[in-house]
Each structure stands twice: as structure tokens, then as C-alpha cells.
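Peer 1: following is a predicted model, sequence given first.
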Amino acid sequence: MVKNLDEYIALLTSSQATAGDMDKAKAILASTKEVEKILDNVSVSMAEKEAAVRELFPAAVRPAMLKMSEEGAVAEYDEVMKAYLAELDRLSHVANAVVTYVTEPTPEQLEGLKQFVIRETGMADARIELVQDASLLGGFIIDIGYKQYDRSLRAKLNSIKEAVTQNARKSEAVDAGGIISILKEDIKEYEFAKGSDEVGKVISVGDGIAVLEGLESVMYGEIVVFESGVKGMVQDIRKDTIGCILFGDDSEVYEGSRVKRTHKNAGVPVGEGFIGRIVNALGEPIDGGADIEAEDYRLVEQPAPSIVDRKSVSKPLETGILAIDSMFPIGRGQRELIIGDRQTGKTSIALDTIVNQKGKDCICIYCAIGQKSSTVAKLVSDLQKHGAMAYTIVVCSTAADPSSLQYIAPYSATAIAEHFMYQGKDCLIVYDDLSKHAVAYRAISLLLERPPGREAYPGDVFYLHSRLLERSSRLSEERGGGSITALPIIETQAGDVSAYIPTNVISITDGQIYLESDLFFSGQRPAVNVGLSVSRVGGAAQTKAMKKAAGSLRVDLAQYREMEVFTQFSSDLDEDTKAQLAYGAGLIELLKQPLGHPMSLAQQVITLVGAIGKRFTAVPVKQLKRYQRELLEWFDTVHCDIVRELNEDKVLTDDLRERILATIDDYNKTNAIVK
């Protein structure tokens with residue numbers, strides 16, 4: 001846009017410049033480029049410029065021309081002229097319209113168009129500019145300011161094509177006669193006053209952000225379409241401009257190009273066909289497979305279920321990780337944060353949890369935000385190796401994608417999950433990770449020139465994540481009883497859980513699993529910090545068997561940690577203290593679990609019953625994992641009745657506990673490691 005445009009128009013208005021004066025000045029500038037070069041040249045004195053302007057230009061144009069020459073803006077005279085003539089028309093109550101046609105309208109049709117423009121704008125007169133465009137195929141388009149009345153054959157055929165495609169998705173028969181009747185009905189008459197489109201213009205574009213003018217009635221979050229077909233979403237509405245994030249290559253959008261409203265908010269296709277596939281943030285397949293047949297279309301931004309639509313979390317979602325299922329249980333419909341520094345095993349916990357859902361009627365969605373493509377490819381390969389892709393959807397927005405796609409990815413993944421939840425199914429969704437999501441939102445906000453808040457993050461970043469995670473819940477039986485369990489991941493810096501983003505998400509979720517770097521590097525995998533981790537749902541999300549088996553595990557570990565600190569410099573310890581330390585070290589060793597080896601409920605209960613029952617104290621710590629593996633294999637083969645009873649009934653009676661302990665005692669009598 002021309003700088004100081006209003007000043008130039010004010011000077012022309014005070015001089016009462018006419019359209020003829022403006023045309024003469026334009027002809028002079030167009031006759032030779034030398035005049036423009038002299039007037040815009042900073043090395044030419046103002047006295048010389050004044051002489052040239054006085055000699056060449058009409059009197060009414062001279063003050064504005066001198067001002068433009070002083071500021072080096074003569075090259076932008078055409079834009080100033082256009083704006084001034086528009087202002088003259090406004091003051092004279094004359095409307096301007098552009099009619100794009102294939103066949104030039106007759107004088108009678110032109111008069112009809114003129115009367116239509118006068119009626120729509122409420123002006124006293126109208127000026128019509130005619131432009132020919134054979135690509136319209138037929139009919140014509142009327143542009144009045146930022147409103148467009150598209151009555152071209154091309155637009156009609158596109159709308160019919162879209163209608164036929166939608167009907168085909170719904171498996172409805174559309175015969176040729178029906179299409180022809182629709183076509184005849186649509187192009188029979190041009191009812192200009194109905195169905196007008198708002199059209200805007202791109203002021204500037206760059207870094208995945210477009211600034212628009214026009215579109216006065218556009219909604220926040222609405223999808224707009226540019227001439228090139230690239231789509232964008234409105235994210236900033238100001239008095240004179242609209243800020244829009246782009247969902248495509250910004251090189252295809254250029255300054256001055258037109259943009260239309262769609263009157264729709266952003267959404268993604270959803271359906272059973274997405275299971276087992278890898279899609280981008282817009283729901284488009286990126287795994288090289290066939291197109292996905294969608295069952296429905298859901299908005300990416302949806303209100304969370306209300307309190308009356310929810311049900312308390314009481315059904316467990318087992319991760320297969322002993323340290324978590326025993327002390328920090330996760331229930332279906334819960335939101336449990338996984339938090340820790342980089343490379344501490346956060347994604348590994350999420351991956352094991354997905355693998356452990358095999359055969360448990362739970363649809364899993366892994367949402368990768370800002371990850372490397374190679375990292376996502378390796379994760380997908382691991383899921384395929386364990387057969388988990390058969391019930392998993394991967395929504396991927398890599399680090400190479402623009403910030404706009406990284407921003408919308410978790411909302412799209414949640415919309416896909418909601419499709420299944422409202423059908424009464426259980427879903428698990430992993431957001432990996434929301435730290436990068438916040439960074440993407442910060443980049444968008446700064447590019448849109450929003451004022452940054454605390455720690456250079458926009459002040460509404462709390463709302464960014466709260467409106468996302470609140471959509472995870474367990475629905476009441478009246479609403480189908482489905483659920484979405486969320487495992488958001490947050491990356492901390494040097495273990496700082498008090499930073500802005502971590503404290504935000506901690507306050508939103510129903511608990512957190514804190515992974516500590518020191519534990520990880522000491523060989524404790526998963527590196528769960530028992531003191532800082534918590535599940536606010538707790539025992540309500542545990543089976544009766546697990547609740548009873550876990551018993552005093554967390555207290556015993558806390559006592560061991562405390563005793564370990566006090567005795568690390570002591571050389572003379574009594575037997576009770578040594579036994580307590582050996583018992584605690586054994587518990588720590590049993591809680592170690594390799595990646596990709598989730599444990600069943602029976603395996604976890606048997607391990608806990610034996611450990612808390614002090615049946616493993618005779619086993620050397622270094623041999624304990626081997627002993628545990630062999631013991632559980634022995635139970636699976638020789639005492640499968642106990643395993644089956646635990647897995648099916650999910651209850652640990654006193655009698656069953658004694659049977660397990662007695663069985664372990666029998667195993668220890670013949671085991672070489674114990675001897």
C-alpha cells in the first residue's frame with residue numbers, strides 16, 4: 001500500500017482535481033519515463049522539481065505531485081489516482097463495478113446491470129468496467145467493491161461437481177437426468193441479489209501468513225480460498241485488515257490476488273478408512289496409499305462435552321508398564337501428562353501404551369507435531385512390527401511443514417478421535433509434543449504481529465491447550481459411553497517443571513508422569529520420578545487385582561530412597577537396614593522394563609505379589625530381571641490357570657494371593673539363580 005495515501009488524496013481534494021486532470025497527469029508520466037526518474041531522484045533539488053511540475057502538470061494536481069516527489073512516491077501514481085477517483089465517485093454517489101463476461105452484453109443488458117449495481121449500493125449512479133474472459137464458459141461475474149456476484153457457467157459446473165462428489169460419498173445415486181435438470185435450473189436465470197460472495201484482496205504474504213483487506217463479514221477460524229486454490233484460515237481480525245494462516249505453499253499466493261470466503265470453519269474428513277493410515281494435518285494421506293473414503297466431515301474446533309454429558313473415569317487403560325499401572329494408573333477418559341527433558345523416554349512410554357492396546361478394542365491416534373520425518377518413520381515401523389498399525393492412525397505434521405499445519409494438527413487428530421468416541425468407542429490419543437505446538441502458535445502469533453506475553457509466548461497459550469485437552473473425556477451412557485484418553489507430552493528444559501508451558505498443561509491435566517534425566521542415565525527405564533509423578537484419578541482407574549497387589553509399593557520405594565540418601569556414606573549398617581536396602585534395590589530393578597515389552601495384568605500382579613511378599617530377596621539384584629522373565633514364563637506354561645483367572649476376573653482374592661506365593665516358593669526350591 002502507498003505510504004501517506006490519505007495525505008495525497010486530501011491535497012487533490014482541496015485542489016478540486018477532476019478526473020480529466022488526473023488523466024492528463026497520467027498521460028504525461030506515461031509519455032516518457034524521464035519525468036518520473038527526475039521527480040523521484042533524491043539528487044535533484046526541490047527547486048528543480050517544482051519548476052518541472054509547474055511546467056508539465058495541471059494546476060490542480062501540482063500540490064499532490066510535489067508531495068509525492070518529495071517522498072519518492074511518483075512511481076505509485078496509478079494507485080494514488082485509482083484511490084482518488086474512487087473517493088470522487090463516493091462523494092458524487094457513483095458506484096464502480098467490474099463486469100467480466102464471455103459474450104459482450106447488449107446496451108439493454110448493460111443498462112440492466114447498471115440499475116442492479118445502483119440498487120445494491122444505494123448510489124445515485126454507476127460506472128461499469130467491462131472485462132472479457134473466455135474461461136468463464138458462459139454467463140458473467142459482477143464485482144462491486146468487495147462483493148462478487150458469480151453467475152458464470154464455470155461456477156455452476158464447479159458447484160454441481162462438488163454436489164455430485166458429496167452425494168457419491170454418501171452412496172446416493174445421482175443420474176444424468178438429475179444433473180441436467182440441476183444445470184438447467186441453475187443457469188436459467190441470474191438472480192443477482194442472492195448468493196453474493198465476499199471477495200478480498202491480498203495486501204502482503206510471507207512466512208505462511210497472508211494479510212488481506214475486504215471480507216468485512218468473515219468469521220474467526222473461517223476457511224478462505226485464494227485464486228490459486230490454496231486454502232487459509234482466518235486467525236486475526238482487525239479494523240481494516242484480516243490475518244490468515246496458509247495451508248499450502250505461500251509462493252502460490254501473491255500480493256493483489258483475490259480471496260473468497262467459504263462460510264465454513266476448518267474441518268477434516270473422518271471415518272473407519274483412516275485406521276492404519278498416515279495422514280497430514282488436513283486429513284490427506286501421505287503414506288503413498290490409496291485415497292481414503294471419508295464417512296463424515298468434522299470441524300477441527302469443537303466444544304468439549306458438557307459436565308452432564310460426561311461420566312466419571314473408572315475403567316482402566318492399561319499401559320503395560322509396571323511402574324505406571326501400579327502407582328500412577330490411567331483411566332479411559334483421563335488426561336495424563338508425560339513430562340521430562342529431551343531423550344528421557346517420553347515417546348517410548350506412549351509407544352508401549354499403544355502396543356499394549358492390541359486386542360482391547362481401543363483405537364489409537366498418534367499425533368506427531370514438529371518431529372523429524374525420519375523419527376516418525378521409525379515409530380511407524382515399530383508399530384507395524386508389533387502389529388499395532390491395525391488399530392492406529394498417525395496424524396503427522398513434521399518440522400518441515402509450515403507453522404500453520406503444526407498448529408492445527410492436534411485439533412485435527414482430536415476431531416478424528418471424536419468421530420469414534422461419539423460412536424461409543426474408546427480412543428487413545430498421544431500428542432507428541434505440545435511444547436512444539438506452543439512454539440508453532442508463538443511463531444504464528446508473532447508473524448500476525450500480536451503482542452507476545454510472558455516468556456515471549458502469547459497470553460492465550462493456556463486457552464490453546466485447555467480447549468484441546470478438555471475434549472478428552474468419557475461420555476455418559478446416554479451419549480454412547482465412548483471415551484478419548486489423552487497422553488500429552490511436554491519437553492522441559494533442565495528439568496524445570498515450573499516454566500510457563502509445563503505449569504499450564506499440568507494445571508489442565510489429571511496428573512503427570514515425570515521422567516527424570518538422572519534416573520534415565522543411571523539405567524532406570526522408564527525413568528519415572530515417584531515423588532513428582534501423580535495420577536489424580538488414582539485407584540478409581542485400577543482393577544481390583546492391581547489395586548490390592550500394588551499395596552504399599554509406593555511407600556516402600558519412598559522409604560528406600562530416603563534410607564539410601566542417609567546411608568550412602570555409612571560403612572557399618574545393621575542387618576535390618578541392609579535388608580531394607582536390598583528389598584528397595586530389588587523393587588527398583590523389577591520396575592525396569594525394556595522398550596516394546598508391555599506386561600499383561602497377570603504378569604504385573606504376579607510380580608508385585610512376589611516382590612511385596614519378600615519372595616525375591618534371595619535373588620541377586622543383577623540376576624533379578626532374568627529371574628522375573630523365567631518365573632513369568634513358568635507361570636504361563638505350568639500355571640496358566642492362575643494367569644487366566646487374573647486376566648479374566650481382574651480380582652486378587654486372599655486365596656489367590658496365597659496360591660501365587662506358594663507357587664513362587666515351589667519355583668524357588670528348584671531355581672538355580674535362587675540357590
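Peer 2: Cool, the structure landed.

Peer 1: from the chain's centroid, how far away is the top helix by length along the chain?
Peer 2: Counting by DSSP state H, the longest helix found in the chain is helix 403-421. Relative to its chain's centre, helix 403-421 lies at 5 Å (C-alpha atoms, centre = their mean, to the nearest Å).

Peer 1: then stretch 567-583?
Peer 2: Averaged C-alpha coordinates place stretch 567-583 at 52 Å from its chain's average position (C-alpha atoms, centre = their mean).

Peer 1: contacting residues around the closest residue to T392 other than its chain neighbours?
Peer 2: Excluding the flanking residues, the one nearest T392 by C-beta to C-beta, 6 or more residues apart in numbering is C364, at 4.4 Å. Every residue, glycine included, has its C-beta placed from N, CA and C. Applying C-beta atoms under 8 Å, 6 or more residues apart in numbering to C364 gives the contacts 354, 357, 388, 391-393, 427-430.

Peer 1: how about K592, phi and psi?
Peer 2: phi -70, psi 140 (degrees, to the nearest 10).

Peer 1: using the three-state scheme, assign the nearest residue to it once chain neighbours are set aside.
Peer 2: The shortest distance from K592 to any non-neighbouring residue, by C-beta to C-beta, 6+ apart, is to R525 (5.7 Å). Secondary structure, DSSP: H, G, I helix; E, B strand; the rest coil: R525 is coil.

Peer 1: picking that back up, quick one, the next helix-or-strand element following the longest helix of the chain and helix 403-421 angle?
Peer 2: On the C-terminal side of helix 403-421, the closest following helix or strand by DSSP states H and E is strand 426-432. Orientation check (axes from the mean of the first three to the mean of the last three C-alpha atoms, to 10 degrees): strand 426-432 against helix 403-421 gives 170 degrees.

Peer 1: rewinding a little: model confidence over the helix or strand hosting the residue nearest to T392, on average?
Peer 2: C364 belongs to strand 362-369 when assigned by DSSP H and E. Mean pLDDT, strand 362-369: 97.

Peer 1: what of stretch 39-52?
Peer 2: 86.

Peer 1: then it to CSV, C-alphas only?
Peer 2: Listed next in CSV are the C-alpha coordinates belonging to stretch 39-52 (Å, rounded to 0.1, in the frame of the first residue of the first chain):
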residue,chain,number,x,y,z
LEU,A,39,10.8,13.6,-9.8
ASP,A,40,11.8,10.6,-7.7
ASN,A,41,15.5,11.3,-7.9
VAL,A,42,16.8,12.4,-4.4
SER,A,43,19.8,14.2,-6.0
VAL,A,44,17.6,16.6,-7.9
SER,A,45,16.8,19.7,-5.9
MET,A,46,13.3,20.6,-4.8
ALA,A,47,13.5,23.9,-6.7
GLU,A,48,14.2,22.0,-10.0
LYS,A,49,11.4,19.6,-9.2
GLU,A,50,8.9,22.5,-8.6
ALA,A,51,9.9,24.0,-11.9
ALA,A,52,9.3,20.7,-13.7
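
Peer 1: and that stretch, which residues are buried?
Peer 2: Residues 39-40, 49, 52 are the ones in stretch 39-52 that count as buried (16 or more other C-beta atoms under 10 Å).
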